[in-house]
Every structure is written in C-alpha cells, then in structure tokens.
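Trainee: Just to be clear, the model below is a prediction. Sequence and coordinates:
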Amino acid sequence: MRKNNWACFLLILAGIVIGGFIGSLFPSTWLNYGQTFGLANPIVFDIGIMCITFGLTIKITVASIIGIVIGIIVYRLI
C-alpha cells in the first residue's frame, strides 16, 4: 500500500507549528534556541493603482526540529 505524501507534509507542518508553540511557551530554555532567516525588509511593488508586498521570515528552533522528527515518526507508524 502506498502512503500519501500529503499526509506526510501535513504531519511535518503540524510538527513545526506545535514545536514552535512549545518553544514560545518556554522562551528562556534551550527549546527556543534557533535561527531566523528570510527577508528583513519586505519587497514592495507599487504600480500606481495596486501595491503588492512580498515578505517571508522563517524561524527554526530546536523545538520545531523535534516536532518535525516526531511528525516523521508518526507518519512511518501509520
């Protein structure tokens, strides 16, 4: 039986979100240690009648990495 790739993606995404939430609950512990990268200033396209803003910042913490690993383990078990 073939496993669904969307289920894997959703479990990994849930692991990132729950891990980030747990990391934010304990801000002064090692769980919240990590790196932030992305666009510091968003890119703005102003064409007169419409303004489009693009920006992306990603924060990877120890808790989110643990969440990713748990998501992959759960995926392999189902």
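Mentor: Yep, it's here.

Trainee: and the nearest residue in space to residue 42 that is not next to it in sequence, what does it touch?
Mentor: Take residue 42 and drop its neighbours on the chain: the residue closest to it by C-beta to C-beta, 6 or more residues apart in numbering is residue 55, 3.2 Å away. Bear in mind the C-beta positions are built from the backbone N, C-alpha and C, glycine included. Residues in contact with residue 55 (C-beta atoms under 8 Å, 6 or more residues apart in numbering) are 38-39, 41-43.

Trainee: chain center to stretch 55-63: distance?
Mentor: Distance of stretch 55-63 from the chain centroid (C-alpha atoms, centre = their mean, to the nearest Å) equals 6 Å.

Trainee: List the buried residues for it?
Mentor: 61-63 (16 or more other C-beta atoms under 10 Å).

Trainee: is it true that residue 75 touches residue 9?
Mentor: No - in this structure residue 75 lies outside contact range of residue 9 using C-beta atoms under 8 Å: 9.4 Å.

Trainee: looking at the contacts of residue 55, which has the most residues close by?
Mentor: Using other C-beta atoms under 10 Å as the neighbour criterion, residue 42 leads the contacts of residue 55 with 12 neighbours.

Trainee: wait, isn't that one in contact with residue 53?
Mentor: Yes - using C-beta under 8 Å, residue 42 makes contact with residue 53 at a distance of 5.0 Å.

Trainee: okay, and the common contacts of the two?
Mentor: Between them, residue 42 and residue 53 share no contacting residue, judged by C-beta under 8 Å, 6+ apart.

Trainee: if we can go back for a sec, in a markdown table: the contacts of residue 55, plus pLDDT, distance to residue 5 and secondary structure.
Mentor: Formatted as a markdown table, the contacts of residue 55 follow (pLDDT from 0 to 100; distance: C-beta to C-beta, whole Å; DSSP: H, G, I helix; E, B strand; the rest coil):
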| residue | pLDDT | distance to residue 5 | secondary structure |
| --- | --- | --- | --- |
| 38 | 90 | 25 | strand |
| 39 | 86 | 28 | coil |
| 41 | 87 | 35 | coil |
| 42 | 87 | 31 | coil |
| 43 | 90 | 31 | strand |
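
Trainee: any residues touching the lengthiest helix in the chain, and which ones?
Mentor: Looking across the chain with DSSP state H, the single longest helix is helix 5-25. Helix 5-25 is contacted from outside by 31-32, 34, 59, 61-72, 74-75, 78, using C-beta under 8 Å, 6+ apart.
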